[in-house]
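Peer 1: give me coordinates for this.
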Amino acid sequence: MSPAPSPEGPETLRILNGLGAIKKDDHFVGVSGRHFDTYVLKDVLYAHATQASRIGELFALSNQEADPEVVVAPALGGIVLSQWAAFHLSRLKGREVVSLWGGPADARPGHGAVRRAL
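Peer 2: Residues are numbered from 1 along each chain as shown. Model prediction:
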């Protein structure tokens, strides 16, 4: 039996490279303060629904055995993939898998709660 497709695998890299969404050999500082030489421009991916859907499907395929009921993502930069992963998991499972997102715990009251995609 072959392993499930992975969102970290060669197909994802092919998609992201094909869109020009991977920037390498530069200097990037993450919100954590860590320094990186490679960065993925998620917004470039998100402009292409077919490719974003496929990466969401790869997340779904690689996690379907966990039988999830919900996919949770950070509000900043994660909602699109959360929704695509939940969409594909719903199709694979034959039942609704919801997409939720949330912000930082120190957000203003009412703005950091987990929210459901409607």
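Peer 1: please count neighbours and contacts with C-alpha atoms only from this point.
Peer 2: Fine.
Peer 1: buried set for stretch 43-63?
Peer 2: Taking 16 or more other Cα atoms under 10 Å as the neighbour-count basis, stretch 43-63 is seen to contain the buried residues 45-46, 51-63.
Peer 1: swap that for stretch 66-73, sorry
Peer 2: Here stretch 66-73 shows Pro68, Val70, Val71, Val72, Ala73 as buried, counting by 16+ other Cα under 10 Å.
Peer 1: quick check: end-to-end length of that stretch?
Peer 2: 17 Å (Cα to Cα, to the nearest Å).
Peer 1: and that stretch, average pLDDT?
Peer 2: Mean per-residue pLDDT for stretch 66-73: 93.
Peer 1: look at Ser99 and tell me its secondary structure.
Peer 2: Of the three states, Ser99 takes strand under DSSP: H, G, I helix; E, B strand; the rest coil.
Peer 1: any chance you could map the strands in this structure?
Peer 2: Using DSSP state E, the strands found in the chain span residues 22-29, 35-40, 70-74, 98-102, 115-116.
Peer 1: contacting residues for the most centrally placed residue in the chain?
Peer 2: Most central in the chain under Cα atoms, centre = their mean is Leu81, positioned 3.5 Å from the mean C-alpha point. For Leu81, the contact set (Cα atoms under 8 Å, 6 or more residues apart in numbering) comprises Ala52, Ser53, Ile55, Gly56.
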